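Enquirer: Give me coordinates for this.
(chains A and B)
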Number of protein chains: 2
Amino acid sequence: MEQPRRIALLGGGQLGRMFIENALRYDAEVHVLDPDLACPCAWLAHRFTQGRFDDRDTVLRFAADADVVGIEIEHVSTEALEELERQGKTVIPSSATLRTIQDKGLQKNFYVKHGIPTAPYALIGNASELSEHADLLPAFLKTRSGGYDGKGVVPIRSAADIPDGFDGPYVLEKRVPIAKELAVIAVRGNNGSTVVYDPVEMVFDPDLNLVDVLLAPARCEPEVIERAKALAIRVGEAFGSPGIHAVEMFLTPENELLVNETAPRAHNSGHFTIEACTSSQFDQLLRAYMGWPMGHVAMHGEAAMVNLVGEGGSGTPVLLGIREILKSPGTFIHLYGKEKTRPGRKMGHVTVVAPSREAVDRAVAICKAHVKVVPMEPIEQSTGMGPSRKKHTT
Amino acid sequence: MEQPRRIALLGGGQLGRMFIENALRYDAEVHVLDPDLACPCAWLAHRFTQGRFDDRDTVLRFAADADVVGIEIEHVSTEALEELERQGKTVIPSSATLRTIQDKGLQKNFYVKHGIPTAPYALIGNASELSEHADLLPAFLKTRSGGYDGKGVVPIRSAADIPDGFDGPYVLEKRVPIAKELAVIAVRGNNGSTVVYDPVEMVFDPDLNLVDVLLAPARCEPEVIERAKALAIRVGEAFGSPGIHAVEMFLTPENELLVNETAPRAHNSGHFTIEACTSSQFDQLLRAYMGWPMGHVAMHGEAAMVNLVGEGGSGTPVLLGIREILKSPGTFIHLYGKEKTRPGRKMGHVTVVAPSREAVDRAVAICKAHVKVVPMEPIEQSTGMGPSRKKHTT
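Expert: Below you'll find the model as predicted:
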């Protein structure tokens, strides 16, 4: 008789929340550890523990009665994951995979060792070593650890461009010409079988230099699509860990694919799968955790995803433009239940699924024109766009 | 600026749970009233109130701070709904619709008044009036109120077939020849626009005389499919209330469609829409509550839904056959989080979405062979198939 498996999740942000939203269908038991009592998962978890996921002992205590340990953020204690593996728990991703990925230097070396194409680079300790690698300039200079969501990366032409306090050790990575940025999500089951979604194209806002909208499938030749999917599968096989491998890639003007970096967890570029595919990335992750067969990845149509990031200041969030965007066929809103908005914070996203790219583009244009998350005006007496905390009255 | 709307839901069973699972994506605030502290919604609701939804004052207190009042079961206080309408709240379905539907006699009269085809019937007070309606025999005798899920209905050939304690007033309904039983879900938005899903065919187990599997779309001629959808829309228009109208119909051997009854709420026959359609019945209901435009109803493929009802006794539930069924492409499990199983209790369901009817049929056969919910054996020390109650550790 199959026994239930208890999942301990390190991190309680929106990725965890969307994971739980799907896991609820299966009545799976999900425990969450996060330092923030007001995080998006706090009241949705079957058990929520407030604490640091980068502290070995806190993680070990939290996961003591779990069967499966997962992450929704990279910056967790790998020492704890190693010990949990020794205890015989299912840990996804493996501690070895996470150790490699946490250090961008080790991650680049890993790609080279496994014959996975990546942009030329050098590992350097400090700015004085730049002069030995003039051939790599202009470059991106990346701190080897601690970077997240674009932080920890600066474009440089010379040592003079390095900001104060931006300390090494670094990855110095040659700026290669980029035709498109792609992301491909491959998911490995516990038995080694792998499924892979259609590649996503990240479209950047030329003014803000931020990812503006994600299109799935990417607007590429079928041959490139297939090559990108095969490359993501290779990356997943090289790491060898079960679970999600979200592989970010550059497509060069010569149609070469170079792996930028891999996230061993649910990823922003896979949110379109919730409505555009029968099994979402979160559904696949649950299946991997539970040792179940993988689900289907086929898309129902063309899709786009627009991140809703806070604008116009900080405060209790209000979503504008709901009615305008939901008038477009096949549009959906996701809000992550964060109590406060601030400029640049990811507050939610909009997904569009439609039969044609033109219909998707029309909906995206409406979304960009009307939908935004802003702080509530002080004069408003409402309680905001969502409930602040769960309350029980019995 | 659009203000958030707080939803007060009367009833906390699996229909409410699946509604909340979808509403969480939008961070909508859902409060739930149910007498059972261990009901499937209890810990998922933003606020859970233990109490009777058929008690006027309890409902009025519960819904006092809500903007929208909805139901997930018919047997709620219509007096309370009327008062809430007078207070200016959005009540879905309307109290008038629910009053008509709660009384099967009024419901039949309503169909006749609106020219909606239904099986011949008479309203009678007691068994002695049967002799005046010999032309309707053999018949189904239904209690006018209080029936649910097949309860409150007996097939009779004469007064001698009426069980003790099965008291009137009754609907006496002629048994018409039935080729198929269909259900069609139409959803009206707040602005009167209506969307309608493909009809579902209810396939009965010939031995147990229970609905065994639901197939979508129904295996009927396209002309019948279109007529069934048009009929469901007409029923929704006749009631005039926003929200879901789940219309159960008989298809006669002469291809005539007769409305059996209508549920003004999310319905078992619409569960396939969660995975088989981009907007599920629960998503549409949320849109109706919020006054948002309706979503898409197109199907991604052929679908089936198999109810998982308790077998083999009472106790803590265990689900058997998970791995076997998830091996079939496009299969999904839903478990409702009920603490105890008992024979015949709806504990969950399996959905299949596949490109062909043959693939769906194969998965359904595997499901019926392997998947069942049984009570845990007393020797087992596990905590069951799901968490019993939510716990917080902070």
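Enquirer: Please count neighbours and contacts with C-alpha atoms only from this point.
Expert: OK.
Enquirer: Can you list the low-confidence ranges for the stretch 251-394 of chain A?
Expert: A:378-394 (pLDDT under 70).
Enquirer: all helices for it, in order.
Expert: In order along the chain, the stretch 251-394 of chain A carries the following helices (DSSP state H, counting those that start in this stretch): A:273-276, A:281-290, A:322-326, A:357-370.
Enquirer: SS state for A:Leu84?
Expert: Here A:Leu84 is recorded as helix under DSSP: H, G, I helix; E, B strand; the rest coil.
Enquirer: any idea how far it lies from chain B?
Expert: 21 Å (CA to the nearest CA, to the nearest Å).
Enquirer: Could you tell me how many residues sit around that residue?
Expert: Applying other CA atoms under 10 Å in any protein chain shown, we find 22 residues neighbouring A:Leu84.
Enquirer: which residue does the stretch 51-200 of chain A bring closest to chain B?
Expert: Using CA to the nearest CA, A:Gly51 is the residue of the stretch 51-200 of chain A that sits closest to chain B, at 8.0 Å.
Enquirer: contacting residues for the residue most central in space within chain A?
Expert: The centroid of chain A falls nearest to A:His267 when counting by CA atoms, centre = their mean (2.4 Å). Contacts for A:His267 (CA atoms under 8 Å, 6 or more residues apart in numbering or on different chains) come out as A:15, A:246.
Enquirer: Provide the backbone phi and psi angles at it.
Expert: For A:His267, the backbone dihedrals (degrees, to the nearest 10) come out as phi -140, psi 150.
Enquirer: Could you verify that A:Met249 is part of a strand?
Expert: Yes: using three-state DSSP, the assignment for A:Met249 is a strand.
Enquirer: Give me the nearest residue to it, chain neighbours excluded.
Expert: A:Val259 (4.4 Å; CA to CA, 6 or more residues apart in numbering or on different chains).
Enquirer: what sits against A:Val247?
Expert: A:183-186, A:232, A:235, A:259-263.
Enquirer: And A:Thr331, how close does it get to chain B?
Expert: Separation of A:Thr331 from chain B (CA to the nearest CA) stands at 8 Å.
Enquirer: In contact with that residue: list those residues for me.
Expert: A:Thr331 neighbours (CA under 8 Å, 6+ apart): A:325, A:350-353, A:363, B:295.
Enquirer: and the residues you listed, which of them are in strands?
Expert: Per DSSP state E, strands hold the following members of the contacts of A:Thr331: A:350-353.
Enquirer: Need the max-distance pair from these.
Expert: Using CA to CA, the ones in strands among the contacts of A:Thr331 reach their maximum pairwise distance at A:Val350 and A:Val353, which is 10.2 Å.
Enquirer: and which of the contacts of A:Val247 is nearest B:Val196?
Expert: A:Ile185 (34.2 Å).
Enquirer: Kindly state the beta-bridge partners for the closest residue in space to the closest one that isn't next to it in sequence.
Expert: Leaving aside its chain neighbours, A:Ile185 sits nearest to A:Ala246 (4.4 Å; criterion: CA to CA, 6+ apart). Counting by DSSP bridges, A:Ala246 forms beta bridges with A:Ile185, A:Ala263.
Enquirer: just the one 4 residues further on next, same as before
Expert: Judged by DSSP bridges, the bridge partners of A:Phe250 are A:Glu181, A:Leu258.
Enquirer: Just give me the neighbour total for it.
Expert: 23.
Enquirer: returning to that earlier point: my guess is the residue nearest to A:Ile185 meets A:Pro264, correct?
Expert: Yes: if you go by CA atoms under 8 Å, A:Ala246 and A:Pro264 touch, sitting 6.3 Å apart.
Enquirer: ok, back up a step: may I have the residues that are in contact with the closest residue to the residue of the stretch 51-200 of chain A closest to chain B other than its chain neighbours?
Expert: Leaving aside its sequence neighbours, A:Gly51 sits nearest to A:Pro35 (CA to CA, 6+ apart; 4.4 Å). Going by CA under 8 Å, 6+ apart, A:Pro35 touches A:50-53.
Enquirer: what ranges do the helices span in the stretch 1-150 of chain A?
Expert: A:14-23, A:56-62, A:78-86, A:95-102, A:104-113.
Enquirer: helices or strands up against the shortest one?
Expert: Using 3 or more CA pairs under 8 Å, 6 or more residues apart in numbering or on different chains; DSSP states H and E as the contact definition, the elements that helix A:56-62 packs against are helix A:78-86.
Enquirer: Now the helix it packs on: buried residues?
Expert: A:78-82, A:84-85 (16 or more other CA atoms under 10 Å in any protein chain shown).
Enquirer: got it, and stretch A:171-181?
Expert: For stretch A:171-181, using 16+ other CA under 10 Å, the buried residues are A:171-176, A:178, A:180-181.
Enquirer: Secondary structure and pLDDT for these - can I get that in a markdown table?
Expert: Converted to a markdown table, the buried residues of stretch A:171-181 look like this (DSSP: H, G, I helix; E, B strand; the rest coil; pLDDT from 0 to 100):
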| residue | secondary structure | pLDDT |
| --- | --- | --- |
| A:Val171 | strand | 97 |
| A:Leu172 | strand | 97 |
| A:Glu173 | strand | 97 |
| A:Lys174 | strand | 97 |
| A:Arg175 | coil | 96 |
| A:Val176 | coil | 96 |
| A:Ile178 | coil | 95 |
| A:Lys180 | strand | 96 |
| A:Glu181 | strand | 96 |
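Enquirer: Tell me which two in these are the farthest apart.
Expert: So, the buried residues of stretch A:171-181 by CA to CA: farthest apart are A:Val171 and A:Lys180, at 21.9 Å.
Enquirer: related to what we said a few turns ago, including pLDDT, could the buried residues of helix A:78-86 go into CSV?
Expert: As requested, these are exported to CSV (pLDDT from 0 to 100):
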residue, pLDDT
A:Thr78, 98
A:Glu79, 98
A:Ala80, 98
A:Leu81, 98
A:Glu82, 98
A:Leu84, 98
A:Glu85, 98
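Enquirer: now those in CSV, with distance to A:Val318?
Expert: Listed next are these as CSV, based on distance: CA to CA, whole Å:
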residue, distance to A:Val318
A:Thr78, 38
A:Glu79, 40
A:Ala80, 39
A:Leu81, 38
A:Glu82, 42
A:Leu84, 41
A:Glu85, 43
